[in-house]
Each structure stands twice: as structure tokens, then as C-alpha cells.
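>>> when you get a sec, could you give me coordinates for this:
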Amino acid sequence: MFIPTTEKEVKCRGWDSLDIILVSGDTYTDNSYNGTSVIGHWLIDHGFRVGIIAQPDIGTPDDITRLGIPELFWSVSAGCVDSMVANYTAMNKFRRDDDFTPGGRNDRRPDRACIAYTNLIKKHAKGKPVFLAGIEASLRRIAHYDYWSDSVRRSVLFDSKADGIVYGMAELSTLELAERLKNGVDWKDILGICYASSKPPEGFTEIPSYEDCARDPYSFNQAFYSFRANCDPITAKGMIQRHGDRYLVQNPPQRPLTRQELDSVYESDYENAVHPYYAKQGPVKAMETVRNSITTHRGCYGDCSFCAIAVHQGRTVISRSKDSIVREVESFASNPRFNGIIQDVGGPTANMYCIECPKKFSEGVCTDKRCLGPEVCRSLRVNHSEQIDLLRRIRAVKGVKKVFVNSGIRYDMILADKEHGQEYLDTLVRHHVSGQMKIAPEHTSKKVLDIMGKPSVGKLLDFKSMFDSTVSKCGKELFLTYYFIAAHPGCTDDDMKELDRFCHTRLKTNPEQVQIFTPTPSTVSTSIYLTGTDVSGRRVFSEHSMQRKHRQKDIVVRKSDEGR
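Got it, this is the predicted structure:
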């Protein structure tokens, strides 16, 4: 069932008012890939009255006031991606297209959407607290480097003047916040919450101030790596960071959902469609991308330096039950409009389903090593048998003709699985890949790969050999597509020339999927880009010239697409 977006829909529900209004920078697609939709259904399933206002016009009060003022609070999200990433390319050129907007034209999402929407509410619909949520707020919750202004900015909490931030995957914290506000109970000790205070709480770890981070690269690194070390719910401590005469207070992270809770999130009654209020304004490409797709798990322990998933979703993988996933597939198949195709079965990394280190659940993530780098940790016990069985069960659902696995694959995990790795690859090649299988080695230079936290080039060649052999054995005509990054910290023109030679001589390919590194908030790579040093203080070159960044890409892709 759609969540109300108009006053008429609220009345049709039999509600005289709303407890919570969710505001989003994306249009309202009612599916489990839209974080605003997920939170809305979660709150409704727990007894709260919720409405959604998507992409409100910031030049008029009409949109933001159409549902009235909520009884409890507003929740504001920039959308599924940071609004600056959505609006600008790595070359800082404005994006003309937006997959999350009806009609596909990028004309409805403001820059720094969390700030813009909070100001809109404070101006035209004030009276109830405003809490930020979603990936933009989550990754900008402390002093952070902003690529588009080339500056260290304050926490988005202070720039927006919101009342708090619900960071990370927000179901549990948002629900507890709603319950406390409903009961008139103080909310400032809720896990997974940030707020501003003139007085720091006792026992919290203080990291370098915004002012120190803005003027001193060493202080920025110290603050960032302390922040990153306090993202695991088992081991993290509360943190404070001074901004002028006030403090940003970050409570420790919220625990992950249990398997049963995760099942309930994804089995809510989503319409798997664009809300009619927005559908009449034009087609939404993002809906077609995820239609009839399945999320099997959350979290990622790949921990790539340029990726923020470890900070936002966490480095501990929580998997849904196979029964829950099959029930969701059956619900798709029962829809008369179902075309028989499941477009994706996966998560941040498809083949992490039901593969996790048992130590994490009691001791937290390791602080001295990565799960997959430089070698796959023996404690991880990589075993793809659960996913093999899951895919078999999905294929057997009546009405399902084809099941694709389009989420990313960690090929080093396939190589590490001596018992079921070949069987898993056989399964993918025989049943779940069409034409090409996408993998992301990102580079071939050992120096750059080490900075990125990616597998060695030797593993890439081992997997290519394994894939080619499997394709031949299965009698398929499939090939690998490779994704690479140019101008990542540590990468020079010579490294890109090495990549170009490798692609032509060893991979036998002319690479087309090459993107220029974008320093997004709260990643290790962004910290290196700003400060010029890694976590150990070792100097690392980063290309800052736009012209030379593009030249790095052009070394490999001779005819670049503008803006990539």
C-alpha cells in the first residue's frame, strides 16, 4: 500500500493527522530500495501515521505544507545518494539527467538538499523538530571534506540547524525516536543519534574540532580515523567534536537488525511502483532499474577505501532468511504484470550472502586488518553453498523465467572458496549472467590497489582464467566487463599507462567503464585526497587538476564521454 502524499490520501486512511512526515530528494517510488519508503513502511507497521513529501519545490510553501504539520517530527533525507553527487560529475559539471526524478530531467533536487529542505520547513512549517537521515546526513555528520567547495565543512547538523541526525541504517533509531517523542520522553541517549549541545556528555571521546580540521591536515586525519574506528556497534564509543562554542555529540551506533527484523522490513506491503501522484509527472528510470529485484543482505566487509558503505551500512553482513526471500519472489510472481524476470538478487556485494565472521557478533570488527585484504581472512570461512541453494529455490518459483545476479561480485571470495567457489561460478554462468559479467578490479597497479584496499592483479588473472574455463565448459558465450577508476589517490599517468598496457596484453580488452575518482564525504580515499597522507602518515600523491584527471582517464579511454 502506498504511503500518503496528499491530504486526501491521509483522510482515506482514516487519519485526522500525521505523526511523522518524511521529506526526500528522490521521487516517491514505493519499493525496498528507496530508504524513505522503507522507513515509512517500518513506522506504519509499528503503529505510526506517516506521510511522504518527495522533491518539494523550495521556492514556494505549497509542497511542504500540503500535509500539514506532523504531531511528532519531520524526517529529512537528500535521497538515495548525496545531493552533490547526484547533481555534479567528478569534473564538477552539472548533471542534466536524474534517474530519481519523473521525466529524468535533473531540475528538482537542490544542492545540499538536507540543508535546503530543513530551511524550507523552518520557514513555512515550523513548530516540530526536524531530524536528518539518509546517506547525505550520515556521511556529513562530522566535520568533513566537501569536494564541490574544496573546503572542510561543518557537520551538516549545524549548517542545516536541524534538531538531530539519525545516522546509518535508521529503522531502530527512528522507531525509538518516534516512541519517545510520542511519550514525552527525552531522546538524546538513543543509539545512532547525533545532536548539538553546549555541554559535552561525560565519558565521550573528543576528536579534533571543526576549526582544527579546517586548518590542519593532521588534525583532520586524526578526527576522521577516530570517527571511522567508532562505527562498529560492538566496540564504538560516543564521540564529541567542538564546533565553535557548541559540540556535535554522536551517540554510539545502533545495533544491526536481527534476521527476523530484516525479513519484516523487506516483506512489508510495497507496491513496487511509482506513487501515482508522481507517476503522472513522467517515467522514473530508477524504478525500472530495481523493479522485481531482491535485496538479500545488508552491510559489506569489502571495506574499499573509496566506498562509504562500511560507514553507512556497517562492515557486518546481516542476511535475510531464504524463506523470506522466496516469499518476496512469490509475491512478484503473483502480480499479473510480472514478466518472469528477477532483475537482481544481491546486496552491496552479491556473494557475501550468509558469509560472515562469527567473531564480529561478539567482539566487533577487527581493528588491525581487513576481512578481505590483502588476503581473505581464514576466520571468514567463505562458503557459497547458502547462496547456491537460494538461487536454486528462486529459479524453482512458479512463474519465474530468469534470475539475474547484477550486484557486484567479489572474485577473490570465489577464489578463496575451495569447496564451493567453482560450483558458485558454474551456477552464475549457467543461470544468472547474460552476455557479460561485471567485476570491479578498479586498477592493476599494486601501489594503487593497496591504497584502494582491492585484491591483487594476480587474483584478477586467476579469476579470468577460472571464468574463461567455466564459460567454455558450460558452452556459453559470455565475457567479463571490467570497471576501473582514474585519478584515485596514489595514481599517476604512469599507473594509467600500466593499466592500459595490462588491459590490452593480459585482459585482451579495450576498457570503456572508467570513471574519474570523486572524493565523497567520509571515505578513506577522500581523507588521503585532502591531506596528502594515509593513515600511517605516509605521503601519497593525489591529482587535483581537473585537466590532468581527465588526461588520466583518456590514457585508457581514448574517446571520453563528457562528464564521466
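
>>> pLDDT at the closest residue to residue 517 other than its chain neighbours, what is it?
Spatial nearest neighbour of residue 517, excluding adjacent residues (C-beta to C-beta, 6 or more residues apart in numbering): residue 488 at 4.4 Å. Yep, even glycine has a C-beta here, placed from its N, CA and C like the rest. Looking at residue 488, its pLDDT is 98.

>>> surely residue 488 is in contact with residue 445?
No. Counting by C-beta atoms under 8 Å, residue 488 does not reach residue 445; the two are 9.8 Å apart.

>>> of the two, which one has the most company?
Between residue 488 and residue 445, residue 488 has the larger neighbour count (other C-beta atoms under 10 Å), namely 28 against 21.

>>> hang on, that one in a helix?
No. Applying DSSP: H, G, I helix; E, B strand; the rest coil, one finds residue 488 to be coil, outside a helix.

>>> show me what the helix or strand where residue 501 lies is packed against.
For residue 501, the host element (DSSP states H and E) is helix 493-505. On a contact count with 3 or more C-beta pairs under 8 Å, 6 or more residues apart in numbering; DSSP states H and E, helix 493-505 meets strand 479-486, helix 546-556.

>>> who touches the helix or strand just after that helix?
With elements assigned by DSSP H and E, the helix or strand that comes after helix 493-505 is strand 513-516. When contacts are defined by C-beta atoms under 8 Å, 6 or more residues apart in numbering, strand 513-516 is touched by residues 89-91, 438, 481-487, 549-550, 552-553, 556-557, 564.

>>> isn't residue 17 right up against residue 72?
No. Counting by C-beta under 8 Å, residue 17 sits too far from residue 72 to count as a contact (10.2 Å).

>>> before we move on, the earlier item: any idea how far the residue nearest to residue 517 is from residue 163?
37 Å (C-beta to C-beta, to the nearest Å).

>>> neighbours around residue 49, how many?
With other C-beta under 10 Å as criterion, residue 49 counts 21.

>>> who's in contact with residue 154?
Counting by C-beta under 8 Å, 6+ apart, residue 154 makes contact with 143, 210, 243.

>>> and if we set it to 10 Å?
140, 142-144, 146, 160, 210-211, 213-214, 241, 243-244, 248 (C-beta atoms under 10 Å, 6 or more residues apart in numbering).

>>> what mean pLDDT does the longest helix along the chain have?
For the chain, the longest helix by residue count, based on DSSP state H, is helix 457-474. Model confidence over helix 457-474, given as mean pLDDT, is 97.

>>> which strands and helices sit next to it?
helix 411-416, helix 421-427, strand 436-442, helix 446-452, strand 479-486, helix 493-505 (3 or more C-beta pairs under 10 Å, 6 or more residues apart in numbering; DSSP states H and E).

>>> deepest of those, which one?
helix 411-416 (a mean of 22; mean count of other C-beta atoms under 10 Å).

>>> for it, name the packing helices and strands.
Against helix 411-416 (3+ C-beta pairs under 10 Å, 6+ apart) you get helix 421-427, strand 436-442, helix 457-474.

>>> got these as CSV, with distance to residue 524 columns?
Shown next, in CSV, are the helices and strands packed on helix 411-416 (distance: least, C-beta to C-beta, whole Å):
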stretch, distance to residue 524
helix 421-427, 28
strand 436-442, 14
helix 457-474, 21
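
>>> how about residue 407, what does it touch?
293-297, 344-353, 438.

>>> ok so, going back, more neighbours, residue 17 and residue 72?
Using other C-beta under 10 Å, the more surrounded residue of residue 17 and residue 72 is residue 72, with 22 against 12.
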